[in-house]
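1. Structure, please.
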Amino acid sequence: MLTRVDKRAVAGRFAAAAGGYDASARVQARIAAALADRLTALPLPDGARVLEIGCGTGLLTAAALARLPHVGTWLASDIAPAMAARCRQRLAQDPRLTVAVMDGEAPAVAGPFDLICSSLALQWFPDAGGALARWRRLLAPGGVLLVATLGVDTFAQWRAALAAAGAPWAGPAYPDGASLSRWLGAGGRVERQDFVEHHADAHHFLRSLRGIGADYAPARLAPVTLRRAMRLLDATRPVDITYDVRWLLAS
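-> Okay, the predicted model is just below:
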């Protein structure tokens, strides 16, 4: 199991996938919409200043701006220029939005922000705990941090198939709740919500990962091992894949 990921390589894969990302990002869109719904329950002031980390093509950006008409400024950022460009194109008519190419693990902005939010970016950072601490320091008094990231049981079905095929897990080491609580620090809260994505078969699942630039595991497996794992996953067709989403809330 990998404990760290090559952030530059990840950025390159996501940049290459930017053009077709939305067609494969079904569960990512559902999670972004759920996060946007949670944002509407926050006591944000009129004219709120918002920083979004890892905006991708703008799934959360669009969903949140549509639900939060009282937001003043929204700075969406992504490490991959092609992703940032897609986000900018999607929402070019919204004057509240600025899009920046930026490494969200250590954002080069001064703040302060009334809200910092992020959907499915934190798991790609080698120092997730350090990133959370830096984000909290950018909050204005009374500001809120709300993040969706992936937890330890993500891809449980695929992990089981790989293990039965004699293959190690080749993706990020997704954290458990205790680790996330420790990284989030005092006053933070962690909640879990599972999202299940349905696939016709293992091929469809792996194509969906490739479509969003997250096909790290298949690329590291010997072909014979990959085929064995896929046959094992197909034993339960149609294939259900669990995304263990952890909501992180802090102020």
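2. State the helix or strand in which the residue nearest to Leu59 when sequence neighbours are not counted lies.
-> If the residues on either side of it in the chain are set aside, Leu59 comes closest to Ala32, at 3.9 Å by Cβ to Cβ, 6 or more residues apart in numbering. In short, each C-beta sits where N, CA and C put it, glycine included. Ala32 belongs to helix 26-40 when assigned by DSSP states H and E.
3. list the buried ones in the helix or strand hosting Asp22?
-> With the criterion set as DSSP H and E, the secondary-structure element containing Asp22 is helix 21-24. Along helix 21-24, the positions that meet the burial threshold by neighbour count (16 or more other Cβ atoms under 10 Å) are 21-22, 24.
4. which one of these is nearest Gly58?
-> Proximity of those to Gly58, judged by Cβ to Cβ, is greatest for Asp22, which lies at 9.1 Å.
5. is it possible to export the buried residues of helix 21-24 to JSON lines including distance to Ala202 and pLDDT?
-> Below are the buried residues of helix 21-24 laid out as JSON lines (distance: Cβ to Cβ, whole Å; pLDDT from 0 to 100):
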{"residue": "Tyr21", "distance to Ala202": "21", "pLDDT": "79"}
{"residue": "Asp22", "distance to Ala202": "23", "pLDDT": "83"}
{"residue": "Ser24", "distance to Ala202": "15", "pLDDT": "83"}
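6. OK, contacts around the residue nearest to Leu59?
-> Counting by Cβ atoms under 8 Å, 6 or more residues apart in numbering, Ala32 touches 59-60, 63, 119-120, 148.
7. Okay, it and Leu120: tell me how far apart.
-> Distance of Ala32 to Leu120, given as Cβ to Cβ, to the nearest Å: 8 Å.
8. The stretch 101-250 of the chain: helices as residue ranges?
-> Applying DSSP state H, counting those that start in this stretch to the stretch 101-250 of the chain gives helices spanning 128-137, 156-164, 177-184, 202-211, 216-219, 223-234.
9. pLDDT value on Lys7, please?
-> Each residue has a pLDDT score; the one for Lys7 is 67.
10. re earlier: check the contacts of Ala32 and tell me the two furthest apart.
-> With Cβ to Cβ as the measure, no two of those lie farther apart than Ala63 and Leu120, at 13.2 Å.
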